[in-house]
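> got a sequence here, can you build the structure:
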Amino acid sequence: MGDKIKVLMVDDEEKFRATTEKILQRKGFDTVLAANGEEAIVKLNEQPDVVILDVKMPGMNGHQTLEEIKKRSPDVPVIMLTGHGALPSAKESLGKGAFDYLAKPCDINILAAKIEEACQHADDPTVYDEKRVMGVMVPFYEYTTVDGEQSVTEAIFKLKASFAIKISTSRLMETSHRSVLVMGAAGHVQGILAIRDLLELVLPSYLTAPKPSMAESIQYSPMFWQGMFVKEVKQKSEIRIKDAMSPAPMTIEGAASLMEAAYMMIKYNARRLVVELAGRVVGIIREQDLFFEMEKILREKYHDKINLKD
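Residues are numbered from 1 along each chain as shown. The predicted structure follows:
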């Protein structure tokens with residue numbers, strides 16, 4: 001590979017190709033453009049270091065083009081691009097040899113980082129390449145967001161809907177989350193509303209107030225709580241999210257190491273961190289994301305030695 005990374009951009013949208021080419025060139029990449037899968041196969045003769053490939057194209061679609069690229073240049077890493085509505089299709093491409101996938105329109109900083117990561121992996125694919133925070137986070141576009149002025153009811157329905165989507169996939173444990181991000185102006189994270197915040201919200205205020213005298217304490221007994229949960233849920237359903245949320249999670253750079261993320265979570269008792277690139281929110285990394293990465297590392301180490309049961 002030369003001093004500059006050569007990127008083959010394959011997309012049938014002319015405006016997207018042109019815009020992305022200019023931005024990638026400003027970031028120091030050489031670019032080669034193709035308008036469709038057939039043209040991309042020809043442009044492989046220019047020996048790109050990385051291929052950026054749109055999933056949905058007329059003629060040869062992204063999956064067919066990926067298959068042909070892998071036949072002709074099996075070592076060239078391919079990053080798939082797709083619209084938000086076709087993410088499952090892009091994820092399927094990972095099993096067909098794609099290096100990774102991103103949703104359009106994608107953050108150019110994430111795309112640039114993915115290109116560099118793909119090249120590093122291509123240089124030495126036999127060594128387990130420790131990912132950065134950006135490599136294991138939940139992308140921002142996959143996380144449920146709400147406005148602080150909305151009601152708690154709207155937040156609950158949105159969070160429930162996110163679970164319903166994930167239940168239909170085989171990656172439930174890896175992708176579902178137990179909170180929603182509360183967004184402010186200009187993409188600023190105002191706070192977070194987790195299931196624990198909702199449980200605290202429905203507790204009657206007297207249950208968290210200073211303990212009463214012995215003479216009054218009998219009315220605080222659980223034997224008197226029947227029906228209280230339904231009552232409190234209904235009464236507090238219209239409270240604004242910003243009045244029930246927790247403060248925004250701490251931030252971490254997308255290029256930070258996984259050990260830094262683990263350290264911050266333990267030191268500050270944080271279950272999740274907001275991931276930023278160049279000052280923009282690009283995702284969320286949660287404690288379960290680090291757990292699943294631990295499992296993948298060990299599966300990589302022991303896959304030929306032990307029988308791991310699902």
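> which residues are in contact with residue 150?
240, 241 (CB atoms under 8 Å, 6 or more residues apart in numbering). In this view, the C-beta of every residue, glycine as well, is placed from N, C-alpha and C.
> now stretch 70-77: mean pLDDT?
Stretch 70-77 comes out with an average pLDDT of 92.
> show me which residues of that stretch are buried.
Neighbour counts over stretch 70-77 (16 or more other CB atoms under 10 Å) mark 73, 76, 77 as buried.
> kindly report the same for stretch 149-169.
For stretch 149-169, burial by neighbour count (16+ other CB under 10 Å) applies to 150, 151, 152, 154, 155, 156, 159, 162, 166.
> if we only consider the residues you listed, which is nearest to residue 236?
The closest of those to residue 236 turns out to be residue 152 (CB to CB; 6.5 Å).
> now the closest one: closest residue in space, sequence neighbours ignored.
Excluding its sequence neighbours, the residue lying closest to residue 152 (CB to CB, 6 or more residues apart in numbering) is residue 239, at 5.1 Å.
> thought the one you found was touching residue 154?
No - using CB atoms under 8 Å, residue 239 is not in contact with residue 154, being 11.0 Å away.
> thinking again about what came up before, and the buried residues of stretch 149-169, which is the shakiest by pLDDT?
Ranked by pLDDT, the buried residues of stretch 149-169 bottom out at residue 166, which scores 50.
> residues contacting the residue nearest to residue 152?
Contacts for residue 239 (CB under 8 Å, 6+ apart) come out as 151, 152, 201.
> domain map for this protein?
Annotated domains of the chain cover 6-126, 138-301 [automatic domain parsing].
> okay, buried residues for stretch 33-46 please.
Across stretch 33-46, burial judged by 16+ other CB under 10 Å covers 33, 34, 35, 36, 37, 39, 40, 41, 43, 44.
> what about the helices in the stretch 101-250 of the chain?
Taking DSSP state H, counting those that start in this stretch as the criterion, the stretch 101-250 of the chain carries its helices at 108-123, 133-136, 152-167, 172-175, 195-202, 205-208, 228-235.
> now the angle from the third one to helix 228-235?
Angular relation of helix 152-167 and helix 228-235 on a 0 to 180 degree scale: 110 degrees, by axes from the mean of the first three to the mean of the last three CA atoms, to 10 degrees.
> elements contacting helix 152-167?
The helices and strands touching helix 152-167, judged by 3 or more CB pairs under 8 Å, 6 or more residues apart in numbering; DSSP states H and E, are strand 145-147, strand 179-183, strand 189-194, helix 195-202.
> in which helix or strand does the nearest residue to residue 108 once chain neighbours are set aside reside?
With sequence-adjacent residues excluded and distances taken as CB to CB, 6+ apart, residue 108 is closest to residue 23, at 5.1 Å. Per DSSP states H and E: residue 23 is located in helix 14-26.
> again with residue 76
Per DSSP H and E: nothing holds residue 76, as it lies in no helix or strand.
> show the contacting residues for it.
Residue 76 makes contact with 44, 48, 49, 50, 51, 69, 122, according to CB under 8 Å, 6+ apart.
> that one and residue 67, how far apart?
Distance from residue 76 to residue 67, counting by CB to CB, to the nearest Å: 13 Å.
> related to what we said a few turns ago, farthest-separated two in the buried residues of stretch 33-46?
Maximum pairwise distance among the buried residues of stretch 33-46 (CB to CB): 14.7 Å, between 35 and 44.
> got a pLDDT number for residue 298?
As predicted, residue 298 sits at a pLDDT of 85.
> quick one, phi psi at it?
Backbone geometry at residue 298, expressed as degrees, to the nearest 10, gives phi -70, psi -30.
> state the distance from it to residue 291.
Distance check for residue 298 against residue 291: by CB to CB, it reads 11 Å.
> pretty sure residue 153 contacts residue 238?
Yes - using CB under 8 Å, residue 153 is in contact with residue 238, at 6.7 Å.
> mind listing what residue 60 touches?
36, 37, 38, 68.
> let's go with 7 Å and repeat that
By CB atoms under 7 Å, 6 or more residues apart in numbering, the contact list for residue 60 reads 36, 37, 38.
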